[in-house]
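> Give me coordinates for this.
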Amino acid sequence: MIPDGNPLLLILLIIFGICFLVQAFYYFYFFLTPALFRPPKPSAKQEPVSVIICARNEEENLRDFLPAVLEQEYPDFEVVVVNDCSEDGTDNVLAGFLELYPRLRVSSINKDPKFTHNKKFAQFIGIKAAKNELLLFTDADCKPESSKWIEKMVSRFEEKTGFVLGYGGYFTKKGLLNSYIRYDSMTIAVQYLGMALRGMPYMGVGRNLAYRKSIFFDKKGFGPYSHLASGDDDLFVNANASGENIAAEFSRESHTRSVPAADVRQFIKQKTRHLTTSRHYKTAHKVILVGEPASRVIFYVSMIILLSNLYAWPIVTGLFLMRFIIQMTVFALNRKKLNEPGILPLFPIFDLVSPFINAALLAGSFREGRANTIWK
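Residues are numbered from 1 along each chain as shown. Model (predicted):
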């Protein structure tokens, strides 16, 4: 029963209940969808594909990870590496691989002090150089989880399909920062995959993304966002993908893994750069994306106030436990699907602090205004 007393606490209880319903909607409608997703029968047609990788000073990563791309089990593909003004040993590494792998092609951009550019220009050079209609993107610091990566991603293309979203996680390492990075990337993936499967695609990640070359040129490339440091992946998807031309592939064989940030400072730099693009999303997408963390914060704050006043504590405690069971079940199912070990016990803590971390980093991105020439 709801006790008599302070009307403000009654209003707060109503707000708490509304936030519970909002949270339940997000979990059941969006976040549970990837976990329960069963892909349709893959296309039997194995179309030619061009894998595009942009690299700037990636000597070590190319040496470690590029062979896993070049040795994919797929009948017809090329790998286009854009060597963008590298000043380390990238040239030598690629020269050695050119002798070993006939599928490899290299496009080089020479440094010009009169012309500075961001990653989108390198991406454009790679797309222009690609021979095939289907383009598959990853980064120099990424490694496919299996030799079937290309096959799995390309199998989602049908005649009407323009985009295929994949999952790009991070390598598992020791430490709390690595656990948070993997939690963050996984929850973002659950969000963009869930929205895409519900017919509302809003982003993809360049670590594992495919689309048609004809769409890129029909839509005039990166369009009004060409000057931004980021957005070669998420903004392009946000502007041009729809419920009719989107597909997703996130079986384990289709995953890629990337090198995570080595320290907090590097993570903040990367995360801040990515958050700068979110302000350019479509309004409807921004509302949906803000709704979940905002309702989460209000849910926690109102719960603390209500419990500290022992107001309707059985109701408050019951709704909290219901939400906890829902979110832990959904998270556990997605964690298994996306193969992210070791982060389930930390999920309740990360769930509480992540909205505040993201809000602080987003505010920092607005204050600082990232330079247009930042490449990565």
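> Please count neighbours and contacts with C-alpha atoms only from this point.
Fine.
> Quick check: A210 is in a strand.
Yes - when classified by DSSP: H, G, I helix; E, B strand; the rest coil, A210 is found to be part of a strand.
> what's the closest non-adjacent residue to it?
Nearest residue to A210 in three dimensions, chain neighbours excluded: L136, at 4.2 Å (CA to CA, 6 or more residues apart in numbering).
> wait, is the one you found part of a strand?
Yes - the assignment for L136 is a strand, going by three-state DSSP.
> List the contacts of it.
Residues in contact with L136 (CA atoms under 8 Å, 6 or more residues apart in numbering) are V49, S50, V51, I52, I150, N208, L209, A210, Y211.
> looking at the protein, which helix or strand does the model trust least?
Lowest on mean pLDDT, DSSP states H and E among the helices and strands of the chain sits helix 347-368, with a mean of 85.
> where does the spatially most central residue of the chain land in three-state SS?
Nearest to the geometric centre of the chain sits V205, at 4.2 Å (CA atoms, centre = their mean). Assigned state for V205: coil (three-state reduction, three-state DSSP).
> about what we covered before: return the distance of the residue nearest to A210 relative to P144.
12 Å (CA to CA, to the nearest Å).
> contacts for the least confident helix or strand of the chain?
Residues contacting helix 347-368 (CA under 8 Å, 6+ apart): 180, 183, 268, 271-273, 275-276, 293-294, 297, 300, 328.
> from these, which ones fall inside strands?
With strands defined by DSSP state E, no entry of the contacts of helix 347-368 lies inside them.
> Could you save these as CSV and add columns showing neighbour count and pLDDT?
Below are the contacts of helix 347-368 laid out as CSV (neighbours: other CA atoms under 10 Å; pLDDT from 0 to 100):
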residue, neighbour count, pLDDT
Y180, 17, 97
Y183, 25, 97
I268, 16, 93
K271, 18, 89
T272, 22, 87
R273, 24, 81
L275, 20, 82
T276, 21, 82
P293, 19, 96
A294, 14, 96
V297, 18, 97
Y300, 16, 97
M328, 15, 97
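> buried set for stretch 7-18?
L9, L10, L12, L13, I15, F16, G17 (16 or more other CA atoms under 10 Å).
> which of those residues sit farthest apart?
Greatest spatial distance among the buried residues of stretch 7-18 (CA to CA): L9 and G17, at 12.2 Å.
> which residues of this structure score low on pLDDT?
For the chain, the stretches with pLDDT under 70 are 1-2, 4, 114, 365-376.
> those helices in it, which residues are they?
Counting by DSSP state H, the chain has helices at residues 7-25, 32-36, 59-70, 90-100, 119-129, 149-154, 176-197, 213-218, 234-240, 264-275, 283-308, 313-337, 347-368.
> Single out the most deeply packed of those.
The highest mean neighbour count among those, using mean count of other CA atoms under 10 Å, belongs to helix 149-154: a mean of 24.
> what's the offset of stretch 94-106 from the middle of its chain?
Centroid separation for stretch 94-106 versus its chain: 29 Å, with CA atoms, centre = their mean, to the nearest Å.
> cool, and stretch 163-181?
Taking CA atoms, centre = their mean, one finds the center of stretch 163-181 at 10 Å from the center of the full chain.
> Outside of that stretch itself, which residues are in contact with it?
In contact with stretch 163-181 (CA under 8 Å, 6+ apart) are residues 153-154, 156-157, 182, 185-186, 189, 193, 204-205, 207-212, 237, 241, 245-250, 254-261, 263-264, 338, 342-343, 350.
> For stretch 51-62, C-alpha coordinates in PDB please.
Below are the C-alpha coordinates for stretch 51-62, written out as PDB (Å, rounded to 0.1, in the frame of the first residue of the first chain):
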ATOM      1  CA  VAL A  51      38.000  -5.000 -47.500                       C
ATOM      2  CA  ILE A  52      39.200  -1.500 -46.700                       C
ATOM      3  CA  ILE A  53      41.700  -0.600 -44.000                       C
ATOM      4  CA  CYS A  54      43.100   2.900 -43.300                       C
ATOM      5  CA  ALA A  55      46.400   3.000 -41.500                       C
ATOM      6  CA  ARG A  56      48.500   5.800 -40.200                       C
ATOM      7  CA  ASN A  57      51.700   4.700 -38.300                       C
ATOM      8  CA  GLU A  58      50.300   1.200 -37.700                       C
ATOM      9  CA  GLU A  59      53.500  -0.800 -38.300                       C
ATOM     10  CA  GLU A  60      53.000  -3.100 -35.400                       C
ATOM     11  CA  ASN A  61      49.300  -3.700 -35.700                       C
ATOM     12  CA  LEU A  62      49.500  -4.400 -39.400                       C
END
